[in-house]
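**Student:** Got a predicted structure plus its sequence, pasted below:
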Amino acid sequence: MKNTCPVCNYDGLFEPPYDSQGYGSYEICPCCGFQFGYDDYPDTEQGIRNWKTKWIEGGSLWYSKTRIPTKDDE
């Protein structure tokens, strides 16, 4: 099972973004830069929508400087 970012749909997260109780993993998506459990506080759905809009308006650029996207990530 792939771990997919609900903001940008990147499917290479190291762990699920949220656990069974809805708590964020605190992982930062290397694609869009969203940190689960931090950037979505206090309203998860609104936080995801706001970040997605901001990320797209900014050109949907790859966030991570250390995790370089592979051909599969493009």
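**Tutor:** The structure has been received and is ready for your questions.
**Student:** Next up, the contacts around V7.
**Tutor:** When contacts are counted by CB atoms under 8 Å, 6 or more residues apart in numbering, V7 touches C29, C32, F34, I48, W51, K52, W55. Any C-beta I mention is one placed from the backbone N, CA and C, and that applies to glycine too.
**Student:** ok, it to P16 distance?
**Tutor:** Separation of V7 from P16 (CB to CB, to the nearest Å): 14 Å.
**Student:** just to revisit the earlier point, so which of the contacts of V7 sit within helices?
**Tutor:** Those of the contacts of V7 mapping onto helices are I48, W51, K52, W55, per DSSP state H.
**Student:** Nearest residue to the last one in space, please, no chain neighbours.
**Tutor:** What that stands for is W55. Distances taken as CB to CB, 6 or more residues apart in numbering put C32 closest to W55, at 4.7 Å, once the chain neighbours are dropped.
**Student:** Tell me the spacing between K54 and P42.
**Tutor:** Taken as CB to CB, the span from K54 to P42 is 18 Å.
**Student:** neighbour-wise, which of these two wins?
**Tutor:** Legend: neighbour count by other CB atoms under 10 Å for K54 and P42, higher for K54 (13 against 6).
**Student:** Can you check the pLDDT for that one?
**Tutor:** We have a pLDDT of 98 for K54.
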